[in-house]
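Colleague: Dropping the sequence and predicted coords here.
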Amino acid sequence: MRTNARRGLVALVAALLAAGAPAAASAPACDDGGAAGATDLPSEDQLEARGARIGSIDIEVEDIFDPTQPGESAAPYRWANELHLNTHEDAIRSQLLFHESDAYSRQKISETERLLRGRRYLFDAWIDPACYHAEQNTVDVHVRVRDVWSLNPGLHFSRKGGSNNVGFELQDEDFLGRGSLVSVGWASDVDRSSLLFDYDDPQLFGSWWRARVAYADNSDGSFGNLAIERPFYSLDTRWSAGTRLTGGDRTDSRYQLGKVLDEFTQNVESFEAYGGVSEGLRDGWSRRWLGGVRYERDTFDTIADEALAAPLPADRKFVYPWAGLEWIEDDFETTRNQDQLARTEDLKYGRSLRAELGLAAPAWGADRTAAIFAMTGDAAQRLDESKSLFFTSSLGGRWESDGLRDVLLQGEARYYQRQRPHVMFYADARAAVAQKPDLDHQLLLGGDNGLRGYPLRYQSGTASALFTVEERFYTDWQPFHLFHIGAAAFADAGRTWGRDVAGELPLGWLSDIGVGLRIGNTRTGLGNVLHVDIAVPLVTQPGMDSVQLLVETRRSF
C-alpha cells in the first residue's frame, strides 16, 4: 500500500514538473587503457582540416533530475527518475545526421543538436568530440541528451479574450521511450467540444518517414487527418515525398465585436501527394525543387432557423498540379532567455524563401480556372551583440477570370534588445491586407491574437495592424527546482481597416497596457511557458470588461 501511495504521489508531482536548466557537462575524456593511438583532442576546425572521420558514437540519455545537483537529490526527484521511462538510445541514434566513418562535420553536429532540441520530449542536446586517435585519424563523438517528463495526464485550462478553454487529456510525448506521441482527450473552447485522438511518429520504424493519424469527434461534426511523409529533415537531405488526406465537417462562425455574427456549416475534403529533390547543402544554401498535386473541396450550407448577416460562402473545388522552389540559408545561433525561459534557443538568422504556383482547371476536375499561388519568406539581421531584428512574411491567393481572389499578404518584424543579462526590451509590428477574401475567411484582431485588453475576435476588416512593446524580466529563481519564473510589462495597439462581412465600419485604434507572470516549464513535454496576464483596455466600448485576465500556455515568452 505504501509503495502504491508513494507512486501515486510521485506521478502527481511529476506531472507538474517544469523548468530548470543545468549547465552542459563536458564530454568524457579518452580512455587510454583501450584506445591505441589516443592523443590530445584537436579543435573542431583542426579535425575538419585534417579530414578526420568519426569513430565510435557514444549516446548518453540523462534522467529528468540530476541527483548530483544541489536540491535535486531528495526522494521525490529520485522517484520521478525511477518512474520515468527514458528515451531509448536507438531512438536517439536514428535521428543523428552523421554516422560512424563519416567525415567529421561541425555543421552536421550543430544541425543534429537543433533537431534533437526540437523534440518536445527532450530538454536539450549536446554533442562533442570526445577522443582523437591520430593513427587512424578518427574522433569518437559523445552525444548527450536530457529527458523531460513526457506523460502528461490531467486537466488543462486557458483564458483569453474573455473566453475559457478547458479540457482533459492523457498524452505521452515519448511513448514507450520511442519518440512518438500518443494522445487522447476531451476539450471545449468557444467554437466546439471535442473528443480527440492523435498519434504522431516522427521516425516510423526508426526511419526518416513520419506518420500521423488524428481524429476529432466534435459537437458540431467530426474531423480526421492522415499523413505519411519523408520530409526534408536536414539541410543536406536530397529528396522528400509524402501524402496527406484530410476530411470532416463543422460549424463555422463569423464574428463582430467579439460576438458570433452568424453561423453556417462547412464540409472539407482535401488530398495531396507531393515530393521534392535537392542537391543538398551547397555554399551555405539548400535549394529545393518541389511539386505535387492537390485536391481541395469546400462546401457550405445554412443551419435551420439560423439567419445569415452576410451571404453564404460559395462552394469551392480546386484540383491542380503545382510546382515550387525553396531556398534556405544555413545561419543559426544559440542563446538563452529570449523567447523562452532557461532553455537553449536556436535563432535562425539565415534567409529563406518558398514559392509555389499551381493551375486549377475544369480539365483536372476543378469548378473553375484559377492560378493558385503561395509564398513565404523570412530573414534576420544582427544589429550588434545585444540587438537583433527578425522578419517574416507570406502571400497567398488566387488569380481567376475576374482578377485576384482570396489574397492575403502578411508581414511581421520582431526586435530584441538585451539591456542587462536578465532584462530585455521586445517590440513587434504586424500587418495584414486581404483582397476579395472568401466569405468564410475573416481578418480578425482581438484578445486571442495579440490585442490582449479586448475580447477575442473583436475587430474584423480587410486590413489590420498590431504593435506590441514589452519589457521582459528573467530570473534565476527556481521554486523547488520545478519552475523558472519571469515577468513582463507590455502595451499593445492595433486596428483594422475596411468594412467587415456585414458592412460595418471598424472602430479605429484600440490599445491596452498590462503586466504578466511567466512560468517556465522545461521539465515536461508540455508547452514551455505559462502566461498569466492582466490587461487594461485604454479605449473602451459599451458592455466591454474593464480588465481582461489571460491564462494560456505558449511555446514562447
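Modeller: Right, received. Where do you want to start?
Colleague: Show me where the stretch 401-550 of the chain has its strands.
Modeller: Here the stretch 401-550 of the chain has its strands, by DSSP state E, counting those that start in this stretch, at 403-420, 423-435, 443-445, 459-461, 463-474, 484-497, 510-520, 529-537, 548-554.
Colleague: okay, the angle between the first one and strand 423-435?
Modeller: Just to be clear, that refers to strand 403-420. 170 degrees (axes from the mean of the first three to the mean of the last three Cα atoms, to 10 degrees).
Colleague: mind listing what strand 403-420 pairs with, with the direction of each?
Modeller: strand 387-400 (antiparallel), strand 423-435 (antiparallel) (DSSP bridges).
Colleague: which one of those strands lies closest to residue 53?
Modeller: With Cβ to Cβ as the criterion, residue 53 lies closest to strand 387-400 of the strands paired with strand 403-420, at 36.4 Å. C-beta here means a position set from N, CA and C on the backbone, and glycine is covered the same way.
Colleague: who touches the closest one?
Modeller: 347, 349, 368-383, 404-418, 435 (Cβ atoms under 8 Å, 6 or more residues apart in numbering).
Colleague: Buried only: go through the residues you listed for me.
Modeller: Applying 16 or more other Cβ atoms under 10 Å to the contacts of strand 387-400, the neighbour count classes 347, 349, 370, 372-380, 405-410, 412, 414-416, 418 as buried.
Colleague: hmm, back to that, now the strands of the stretch 401-550 of the chain in a markdown table, with distance to residue 96?
Modeller: Shown next, in a markdown table, are the strands of the stretch 401-550 of the chain (distance: least, Cβ to Cβ, whole Å):
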| stretch | distance to residue 96 |
| --- | --- |
| strand 403-420 | 31 |
| strand 423-435 | 34 |
| strand 443-445 | 43 |
| strand 459-461 | 48 |
| strand 463-474 | 32 |
| strand 484-497 | 29 |
| strand 510-520 | 28 |
| strand 529-537 | 29 |
| strand 548-554 | 30 |
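Colleague: Ok, which of those strands comes nearest residue 268?
Modeller: For these, the distance to residue 268 is smallest for strand 403-420, at 15.4 Å, taking Cβ to Cβ.
Colleague: for the closest one, what is the average pLDDT?
Modeller: Throughout strand 403-420, pLDDT has a mean value of 97.
Colleague: From the rest of the structure, what touches it?
Modeller: Strand 403-420 is contacted by residues 338, 370, 386-399, 424-438, 441, 443 when judged by Cβ under 8 Å, 6+ apart.
Colleague: again, 6 Å this time
Modeller: 386-398, 424-438 (Cβ atoms under 6 Å, 6 or more residues apart in numbering).
Colleague: Could I have the buried ones of the residues you listed as ChimeraX selection syntax?
Modeller: The buried subset of these, as determined by 16+ other Cβ under 10 Å, is captured in ChimeraX by this line:
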select :388,390,392,393,394,395,397,398,424,426,428,430,431,432,433,434,437,438
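Colleague: related to what we said a few turns ago, now distance to residue 162 too, for the strands paired with strand 403-420, in TSV please.
Modeller: Putting the strands paired with strand 403-420 into TSV (distance: least, Cβ to Cβ, whole Å) gives the following:
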stretch	distance to residue 162
strand 387-400	28
strand 423-435	21
